[in-house]
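Engineer: Fold the following.
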Amino acid sequence: MSEADITYNKNEDANKLLWAQINKKIEHAAQGGGHSRLEKIRSQGKMTARERIEALLDIDKPQFEVGALAGTDMYEEEGGCPSAGVVVIIGYIKNRLCIVVANDASVKAGAWFPITGKKNLRAQEIAMENKIPIIYLVDSAGIYLPLQGEIFADKEHFGRIFRNNAKMSSMGIPQIAAVMGSCVAGGAYLPIMSDEALIVEGSGSIFLAGPYLVKAAIGEDVDSETLGGATTHAEISGVTDYKLPNDKACLDKIRDLIGLIGAQPKAGIDRIKSVKPSASENDLFGIFPEKGLKPYDMRTLLEAIIDANSFNEYKAEYGQTIVCGYARIDGWAVGIVANQRLITKNGKGEMQFGGVIYSDSADKATRFIMNCNQKKVPLVFVHDVTGFMVGTRSEHGGIIKDGAKMVNAVANSTVPKFTVVVGNSFGAGNYAMCGKAYDPRLIIAWPSAKIAVMGGNQAASVLAQIQIYSQKAKGKIYSKEEEINLVDEIKLRYEEQTSPTYAAARLWVDAVIDPRKTRQILSMGIEMADHAQIEQFNVGVIQT
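Structural biologist: Modelled structure (predicted):
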């Protein structure tokens, strides 16, 4: 066996293990509040959140879950909040791409934690950016009161949901809400601010104040069904549009309603017949280096994602630490901007280190991004970046100015942008490569991804030195061994915060995925983006 084969096998084993560890966490989160709570929901004649979505979406069609790991290892004092207590999946209903938001009543009765609000807003953002229908399957006790100070009053809190309901209505984006359980207090506005509202007999209820609060407030004795059940709202108040006998009938009705929606204008993203990649998707595990430590050729990795023989590289010999080029993914035209981890030589014969953005790389990427906007070609950013080059020579050469040009072009891009974090995503490199702050339509990460201000070794060294000097000023002198232990301790803590799970828990990425699904998810995302027309590109002011 050759050295290349041995390296491939080591990479494959290491990366498959990383995915297995992530997948185990995803499977655990999918259990929501646990087996007993899920069984309790079923015993009430209701489907669980995931069962409802499964019955709603088309069979044997691809789907993409947003935020499966949201809330992971957060709110431990509160008993945890798996998947943020809400399931969000992009999928097909009657062959139409939709996004479905289903409260998970097995997690604190579907109550809203701060991360729940953030995840719901992300779902609405996806619907608004791509102009696709959104379906709410409501079964929630409302805001989780012990944390109300972090979810109620701010711009990105609970109330923003209803603001978005109104905005989407004015934009002509279909919204359908099904009340399949509790829908109380401020949450009662969500289904009624949607275009159409359904309610399930016996389990669905809507009221601004429940029976206990009504008794406390005005002394009236009333049961839940009389106060705000299906019969009340379908026959007396007229709040809901359809009354259904059970979950299955309700979901079938939603499918019928979605099937009636007329055709919408498209962006016109170019697509031809799909061609399989020249490399197998399974090769992605073997191509990407173990722990992301060794150089590799990004072009080789891309061969397992893009259509065979579709890559047209832009300025191949210039700015070699970024690879730019036109390609096709499942037939869709795309522009790719990807960090190159090989150690290369520039046109002057000087060494350039992979994973770093130099001035020439930033210049090339900026021009290419602008060209893609001119041609209305979607952009796919592939991250393995340690940041922009530092040092006297780079500063004198205007690295800040060149980096600013790239950030400007990314920020002002009007074509759909998609981001795949395969390795490092550090510092301003994250921004220039369309990190979460720059509005990618979808941002996905591999199990090998790391997102942070800087790498663990550098950060640990800097933080340790700060602490050592601070303690020295107070008379505390660290021994050499204590310094080493301090660096190791900080590095361990820092590395945990750079993990893809940590990022996914906070929705810095939409999902941590099996690398073999990269092509499928990008294709689905581009199809979704094709539903929204592309605005005229205007880059603004760029210093020369």
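
Engineer: which helices and strands sit right next to the lengthiest helix in the chain?
Structural biologist: Criterion DSSP state H: the longest helix present in the chain is helix 3-29. Contacts defined by 3 or more CB pairs under 8 Å, 6 or more residues apart in numbering; DSSP states H and E place helix 3-29 against helix 283-287, helix 500-505. Backbone N, C-alpha and C define where each C-beta goes, glycine included.

Engineer: Output the ones you listed in TSV; the columns should cover mean pLDDT and distance to residue 145.
Structural biologist: Output for the helices and strands packed on helix 3-29, formatted as TSV (pLDDT from 0 to 100; distance: least, CB to CB, whole Å):
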stretch	mean pLDDT	distance to residue 145
helix 283-287	96	45
helix 500-505	97	22
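
Engineer: Quick one: name whatever helix or strand follows the longest helix of the chain.
Structural biologist: Using DSSP states H and E, the helix or strand that follows helix 3-29 in sequence is helix 35-43.

Engineer: Give me the mean pLDDT for that following helix.
Structural biologist: Averaged over helix 35-43, pLDDT sits at 96.

Engineer: which of the residues in that helix are buried?
Structural biologist: 37, 38, 41 (16 or more other CB atoms under 10 Å).

Engineer: hmm, who's touching it?
Structural biologist: 31, 32, 47, 48, 105, 106, 107 (CB atoms under 8 Å, 6 or more residues apart in numbering).

Engineer: What angle do helix 35-43 and the helix or strand just after it make with each other?
Structural biologist: Proceeding N to C from helix 35-43, the next assigned helix or strand is helix 49-56, under DSSP H and E. Between helix 49-56 and helix 35-43, the angle comes out at 50 degrees (axes from the mean of the first three to the mean of the last three CA atoms, to 10 degrees).

Engineer: Return the distance of helix 49-56 from the chain's centre.
Structural biologist: 21 Å (CA atoms, centre = their mean, to the nearest Å).

Engineer: Where do the helices of the stretch 251-400 of the chain begin and end?
Structural biologist: Secondary structure of the stretch 251-400 of the chain by DSSP state H, counting those that start in this stretch: the helices cover 283-287, 298-302, 359-375, 392-396, 399-412.

Engineer: Buried residues, the last one. List them.
Structural biologist: Right, helix 399-412. Result for helix 399-412 [16+ other CB under 10 Å]: buried residues 399, 402, 403, 404, 405, 406, 407, 408, 409, 410, 412.

Engineer: before we move on, what about the second one?
Structural biologist: Of the residues in helix 298-302, those with enough neighbours to count as buried (16+ other CB under 10 Å) are 298, 299, 301, 302.

Engineer: Can you tell me which of these is nearest residue 96?
Structural biologist: Of all those, residue 302 has the smallest distance to residue 96: 30.6 Å, by CB to CB.

Engineer: Residue 10 and residue 4: what is the separation?
Structural biologist: Going from residue 10 to residue 4 by CB to CB, to the nearest Å gives 11 Å.

Engineer: higher neighbour count, the two?
Structural biologist: Legend: neighbour count by other CB atoms under 10 Å for residue 10 and residue 4, higher for residue 10 (13 against 9).

Engineer: quick one, what contacts that one?
Structural biologist: Here residue 10 is in contact with residue 290 (CB under 8 Å, 6+ apart).

Engineer: Got the confidence number for it?
Structural biologist: So residue 10 comes in at 95 (pLDDT).

Engineer: Equivalent analysis for residue 347, please.
Structural biologist: For residue 347, the model assigns a pLDDT of 64.

Engineer: coming back round to it: lowest-confidence stretch among the helices of the stretch 251-400 of the chain?
Structural biologist: helix 392-396 - the lowest mean pLDDT of the helices of the stretch 251-400 of the chain, at a mean of 74.

Engineer: Could I get the contacting residues of the residue nearest to residue 81 when sequence neighbours are not counted?
Structural biologist: Nearest residue to residue 81, sequence neighbours excluded (CB to CB, 6 or more residues apart in numbering): residue 71, at 4.0 Å. With contacts defined as CB under 8 Å, 6+ apart, residue 71 is in contact with 29, 80, 81, 82, 83, 84, 85, 113, 115, 116, 505.
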